[in-house]
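Participant: need a structure here:
(chains A and B)
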Amino acid sequence: MSTTSPTSGQGKSPTAKVAVWVVLAAVVIAAVIAFVAARVGSTAAAPEDAGQVVRENSQVLSQAPNEQAVLVEFLDYECESCRAAYPFIEELRVDYADTVTFVHRYFPLPGHRNSMNAAVAVEAAAQQDQYEAMYQRMYETQAQWGESAEDKSAVFRGFAEDMGLDMAAFDAAVADPATQERVELDVADGEALGVGGTPTFYLDGEVLNPESLEEFRAEVEAAAAD
Amino acid sequence: MTDQTTIARPQNPEPAAETGLPGFARRRPFALVMLVSGVIGWIASGILVLERLQLYRDPNHVSSCDINPWVSCGQVMSTWQSELFGFPNPLIGIVAFAVVITTAMAALSGAQFGRWYWVGLQVGVIAGTVFVIWLWSQALFSIYILCLYCMIVWAAMIPLFILLTVRNLVHGVIPAPARLVHFASDWAWTLVAIAYVAVAASVFFRFFTVFTGL
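Facilitator: As a prediction, this is how the structure comes out:
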């Protein structure tokens, strides 16, 4: 019994097994090739000087006339903690309007279906000088479109329409790959800086990671005072 | 005389009954399977515990596997899934893999376990596998962040689960029809390879855009 069954098995199984191993090896090789091909195809994405906290083209939310400090935020419009921080940052922006410049960097996380769509829509609005209105709109409506598995680009287009933007220009900007590349430039900087999530704040080029809102305000206060 | 027999026994530990078994299901080779997977799983769990403790002390601690926003133990540790039972998951790992290592060492020293012991180990490893599958699904589809050491634990659980199950089928610990037992013992390593490729493929497809920077 025990001697016949292995021999009868040997007649059939090895070929089937070899076939399975060949398929597995083929899958692995295909994956490696796809990976390398995609990698080579996207080498242009990350600039050589990636890792800058602020760039010339970064979104300056508000420029302080007597600038003493610069607060940079890497944000994702679909991220709930960014949404939670939003009213507080707006409060700081009012209180330190004179001394602190507020800068936004796009950092859409791939875990959210619409992070990139939202960032592209905001960038498209920014090209019509409506950055502030659009980003505020994103956070105020996040609960309605966030955490969705569907493409919400149409919703964002609706925001642009409501705001009375030039829709031909808006649509062209959304469709233009350069708009997404502009967002990805910010992402590349964030990744090179080691931004691990959103929101990540930089105060005068140093990462700011306070334990509480009071501490956050105190740090900004100190930076604004010197 | 008695001295000679006791010395001779451990030098030839394979009983005649083991010759018909697939290689890994024999006592010593299987003990090595348990030892290797147990040690790998235990070390990965241990590092996760240490990193978790560092993170308690200093919330800004950058763990040794925080590579970017998508490969980061620190980010994963801040999720509720990382503390399903109210304490960090890797604590389960350092306890449970220690049992696997102990079993492996006892087996290497010549211990023979009763059927109920193997049943118990099987139940424990199934529970661990179910937990790891859940963690895998959460990491890929809910958290969307990879944790390197967690993946090492997945990698240790795959052969441990498959080979232990097949070993128990072969030894009759789990009753099953002869055809199934024969198929399982014949295909055990292939099943391990399929599981590895399937898990790697799931990560590959889910994170393809991240890895390639597209």
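
Participant: could you pull out the strands for chain A?
Facilitator: Assigned strands in chain A, in chain order: A:59-62, A:69-75, A:100-106, A:200-203, A:206-208 (criterion: DSSP state E).

Participant: Can you add mean neighbour count and give these back as JSON lines?
Facilitator: C-beta: built from backbone N, CA, C; applies to glycine. Formatted as JSON lines, those follow (neighbours: other Cβ atoms under 10 Å in any protein chain shown):
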{"stretch": "strand A:59-62", "mean neighbour count": "17"}
{"stretch": "strand A:69-75", "mean neighbour count": "25"}
{"stretch": "strand A:100-106", "mean neighbour count": "23"}
{"stretch": "strand A:200-203", "mean neighbour count": "20"}
{"stretch": "strand A:206-208", "mean neighbour count": "14"}
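
Participant: which helix is the longest one in chain B?
Facilitator: If you go by DSSP state H, chain B has its longest helix at helix B:27-57.

Participant: Mean confidence (pLDDT) on that one, please.
Facilitator: What helix B:27-57 shows for mean pLDDT is 93.

Participant: cool, stretch B:111-122 as well?
Facilitator: Averaged over stretch B:111-122, pLDDT sits at 95.

Participant: Contacts for that stretch, please.
Facilitator: B:99-100, B:103, B:106-107, B:164-165, B:168, B:171, B:173-174 (Cβ atoms under 8 Å, 6 or more residues apart in numbering or on different chains).

Participant: Measure how far it is from the centre of its chain, please.
Facilitator: Stretch B:111-122 sits 17 Å away from the centroid of its parent chain (Cα atoms, centre = their mean, to the nearest Å).

Participant: Next, the buried residues of it.
Facilitator: B:118, B:121-122 (16 or more other Cβ atoms under 10 Å in any protein chain shown).

Participant: between the residues you listed, which is nearest chain A?
Facilitator: B:Trp118 (21.1 Å; Cβ to the nearest Cβ).

Participant: close to chain A, is the host helix or strand of B:Gln75?
Facilitator: Remark: B:Gln75 resides in helix B:73-77, with elements defined by DSSP states H and E. Yes - Helix B:73-77 lies within reach of chain A by Cβ under 8 Å from any Cβ of the partner chain, at B:74-75.

Participant: and the next helix or strand after that helix, what does it pack onto?
Facilitator: As assigned by DSSP H and E, the chain's next helix or strand after helix B:73-77 is helix B:90-108. Packing partners of helix B:90-108 (3 or more Cβ pairs under 8 Å, 6 or more residues apart in numbering or on different chains; DSSP states H and E): helix B:27-57, helix B:115-138, helix B:148-170.

Participant: The residue nearest to the spatial centre of chain B: what's it in contact with?
Facilitator: The centre of chain B sits closest to B:Met157, judged by Cα atoms, centre = their mean, with a distance of 2.3 Å. Contacts for B:Met157 (Cβ under 8 Å, 6+ apart) come out as B:37, B:41, B:125, B:128-129, B:132.

Participant: Need the strands of chain A in TSV (columns: mean pLDDT).
Facilitator: Below are the strands of chain A laid out as TSV (pLDDT from 0 to 100):
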stretch	mean pLDDT
strand A:59-62	90
strand A:69-75	93
strand A:100-106	94
strand A:200-203	92
strand A:206-208	89
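
Participant: can you put these in TSV and add distance to chain B?
Facilitator: Shown next, in TSV, are these (distance: least, Cβ to the nearest Cβ, whole Å):
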stretch	distance to chain B
strand A:59-62	20
strand A:69-75	10
strand A:100-106	13
strand A:200-203	9
strand A:206-208	8
